[in-house]
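**Student:** I would like the atomic coordinates for the input below:
(chains A and B)
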Amino acid sequence: MPRRGASGTAPDMAAPIDPIIGRYVHVSLSGRPHRLYFEEAGEGIPLVCLHTAGADGRQFRHLMTDRDVTDRFRVLTFDLPWHGKSTPPEGWQREEYRLTTRAYTEAIRVFCAALELERPVVLGCSIGGRIVLSLAIEHGAEFRALIGLEAADYQAPWYDTTWLHRPDVHGSEVCAGLVSGMMAPQSPEASRWETLWHYMQGGPGVFKGDLYFYRVDGDLRDRVGAIDTARCPLYLLTGEYDFSCTPEDTLRTARQIAGVETQIMKELGHFPMSENPAQFRRYILPVLERIRARG
Amino acid sequence: MAKETERAPAADLAARVDALPTLVNSDSWLIHRGRFVTTELLLELGRGAYYLAIERGRIAALERGPRPMPSWRFALRAGEEAWRRFWQAVPEPHYHDLFAMAKRGELSIEGDLHPFMANLLYFKEVLAAPRRERHGA
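**Tutor:** The predicted structure is shown next:
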């Protein structure tokens, strides 16, 4: 039976549908039941993508609809608890959300185990890039390769996070306002504003809670030298316009890790996969191909 | 006294600032975004000072210093070269955003920051507006 458009008339062609499937997985994290939203597309090597602080897995929608990726990789992304379409744990209304290294690591490993992913590649951006470094230190043998976007062992803070969650400042506006300058001026306007929309949709205090991991709990200075890239290859890619995790921060980190492969990406900022997908794929496709060829 | 050292900024920068009221007040969406903003701020370019009075998102007054009794809610201060780089049509890294410049110590953001932070997207767009103008327009 022909599908009908909103006006009731049959369209000439079927509307395009992204080949992304979204579902929910029930897991236990820190002893509490959680319902995590995840999406996937493609077939092949599992590639788990970790969103930035205060955002969700939609940031990777372009990677998940890129046939040059999905023909070889099963791309998955999950929303951290409290983010996107993942439900906060029961009782959330009487606690302050704070992401810790321990909780973040547990969420990633539990998700990979729940979906029975065999030695997945993990790609993370920003806080996702930081936890990738931590995974490389603590659990490198579990992963086929690790990719850190906008990743460093430490970054100097550049604003007071108390502005992110207070009743006299609109949280969604101020979160978007702060991160708006972290994108490259060359990035297409539509992609920049879509990236900001994700920030505008974050729950109250969630971005701030993620930054606890970033600023307080996840300091990896003097620890990244322990990363064994022979056991698990590590790739670090940072946008030249990222002033939060600067190219200098990434290069300083990379100098401490033997065998790491590093690239500074032109005309990109802190959100390469969503602020300018066309520019980003020029950098990420060769990395993914190297990982695939390595087997 | 600080006032005695105040002077007009370089002509190219003065033109950028002088264009602000027209750029902002002719942008109906920007005025809508700032419809709850009524405040005064100091914009400092090197040793040159400008006082901007904003009323419901419009720039109601732009006055070049020195002022005998300066009063403002918050101040943005940077050197002339930093503003010049910030206002390039396609700014280079570290000069593409106010906080990027602040992180490098090129810009100071001080005073009562509540109106600035509560209307951050508005103020960022206001201050970046001169990028839309070609030199000396």
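**Student:** What's the separation between the residue most central in space within chain A and A:His270?
**Tutor:** Chain A has A:His51 as the residue nearest its centroid, 2.2 Å off, counting by Cα atoms, centre = their mean. Going from A:His51 to A:His270 by Cβ to Cβ, to the nearest Å gives 12 Å. All C-beta spots, glycine's among them, are computed from the backbone N, C-alpha and C.
**Student:** okay, and the common contacts of those two?
**Tutor:** A:Cys125 (Cβ atoms under 8 Å, 6 or more residues apart in numbering or on different chains).
**Student:** how about the closest residue in space to A:Ile45 that isn't next to it in sequence, phi and psi?
**Tutor:** Spatially, and ignoring its direct neighbours in sequence, A:Ile45 is nearest to A:Phe73 (5.1 Å; Cβ to Cβ, 6 or more residues apart in numbering or on different chains). Main-chain torsions, A:Phe73, degrees, to the nearest 10: phi -130, psi 140.
**Student:** Neighbours of the closest residue to A:Ala258 other than its chain neighbours, how many?
**Tutor:** In space, and not counting its chain neighbours, A:Ala258 is closest to A:Thr229: 6.5 Å by Cβ to Cβ, 6+ apart. For A:Thr229, the neighbour count with other Cβ atoms under 10 Å in any protein chain shown is 17.
**Student:** Provide a list of residues in contact with A:Thr229.
**Tutor:** Contacts of A:Thr229 (Cβ under 8 Å, 6+ apart): A:136, A:257-260.
**Student:** Low-confidence stretches in chain B?
**Tutor:** B:1-6, B:134-137 (pLDDT under 70).
**Student:** repeat for chain A
**Tutor:** For chain A (pLDDT under 70), the answer is A:1-11.
**Student:** Those residues of it touching chain B, which are they?
**Tutor:** Within reach of chain B by Cβ under 8 Å from any Cβ of the partner chain, chain A has these residues: A:156, A:158-159, A:163, A:168-170, A:173-174, A:176-178, A:180-182, A:184-186, A:240-241, A:243.
**Student:** Which among these count as buried?
**Tutor:** A:159, A:163, A:169-170, A:173-174, A:176-178, A:180-182, A:184-185, A:240-241, A:243 (16 or more other Cβ atoms under 10 Å in any protein chain shown).
**Student:** follow-up on the earlier one: what sits against the residue nearest to the centre of chain A?
**Tutor:** A:57-60, A:77, A:79-80, A:83-84, A:125, A:128.
**Student:** give me that answer again for 7 Å
**Tutor:** A:57, A:59, A:77, A:125, A:128 (Cβ atoms under 7 Å, 6 or more residues apart in numbering or on different chains).
**Student:** next one: A:Gly57
**Tutor:** Counted by Cβ under 7 Å, 6+ apart, A:Gly57 has contacts A:39, A:49, A:51, A:77-79, A:84.
**Student:** ok, so of these, who is nearest B:Val24?
**Tutor:** A:His51 (34.6 Å; Cβ to Cβ).
**Student:** Need the phi and psi values for A:Thr100.
**Tutor:** Dihedral angles (degrees, to the nearest 10) for A:Thr100: phi -120, psi 160.
**Student:** What is the burial count for it?
**Tutor:** The burial count for A:Thr100: 15, using other Cβ under 10 Å.
**Student:** can I assume it is in contact with A:Phe213?
**Tutor:** Yes. Using Cβ atoms under 7 Å, A:Thr100 is in contact with A:Phe213, at 6.0 Å.
**Student:** How about the contacts made by A:Arg192?
**Tutor:** A:Arg192 sits in contact with A:183, A:275, where contact means Cβ under 7 Å, 6+ apart.
**Student:** For residue 63, the count of nearby residues, please.
**Tutor:** If you meant another chain, say so; for now it's chain A. A:Leu63: 26 neighbours (other Cβ under 10 Å).
**Student:** Can you look at chain B instead?
**Tutor:** 12.
**Student:** The one 5 residues further on now?
**Tutor:** Using other Cβ under 10 Å, the number of residues around B:Pro68 comes to 6.
**Student:** what's around residue 116, how many residues?
**Tutor:** Since you didn't name a chain, this refers to chain A. With other Cβ under 10 Å as criterion, A:Glu116 counts 7.
**Student:** my question was about chain B
**Tutor:** Neighbours around B:Phe116, by other Cβ under 10 Å: 24.
**Student:** For it, which three-state class applies?
**Tutor:** Following DSSP: H, G, I helix; E, B strand; the rest coil, B:Phe116 is assigned to helix.
**Student:** how about A:Ile264, phi and psi?
**Tutor:** The phi/psi pair for A:Ile264 (degrees, to the nearest 10) is phi -100, psi 120.
**Student:** which residues does it form a beta bridge with?
**Tutor:** A:Thr238 (DSSP bridges).
**Student:** Tell me how far it lies from B:Glu106.
**Tutor:** 21 Å.
**Student:** now A:Tyr154
**Tutor:** 22 Å.
**Student:** show me the residues around B:Thr38 that make contact.
**Tutor:** By Cβ under 7 Å, 6+ apart, the neighbours of B:Thr38 are B:54-56.
**Student:** typed the wrong thing, it's A:Gly218
**Tutor:** A:Gly218 neighbours (Cβ under 7 Å, 6+ apart): A:101, A:130, A:134.
**Student:** And the helices in the stretch 101-250 of chain A, which stretches?
**Tutor:** Under the criterion DSSP state H, counting those that start in this stretch, the stretch 101-250 of chain A contains helices at A:101-114, A:127-139, A:171-179, A:189-200, A:206-212, A:247-254.
**Student:** what residues are up against A:Val132?
**Tutor:** Contacts of A:Val132 by Cβ under 7 Å, 6+ apart are A:122, A:124, A:146-148, A:151.
**Student:** out of the residues you listed, which one sits closest to B:Leu45?
**Tutor:** A:Ala151 (36.0 Å).
**Student:** which one is the closest one nearest to, not counting chain neighbours?
**Tutor:** A:Gly129 (2.8 Å).
**Student:** now the one you found: how far from chain B?
**Tutor:** 18 Å (Cβ to the nearest Cβ, to the nearest Å).
**Student:** ok, that residue to A:Leu196 distance?
**Tutor:** Taking Cβ to Cβ, one finds A:Gly129 at 20 Å from A:Leu196.
**Student:** the more surrounded of those two?
**Tutor:** A:Gly129 (26 against 23).
**Student:** what's the neighbour count on B:Pro21?
**Tutor:** Quick note: B:Pro21 (other Cβ under 10 Å) scores 16 neighbours.
**Student:** Please, which helix or strand holds it?
**Tutor:** Applying DSSP states H and E as the criterion places B:Pro21 in helix B:20-25.
**Student:** That concludes my questions; thank you for your assistance.
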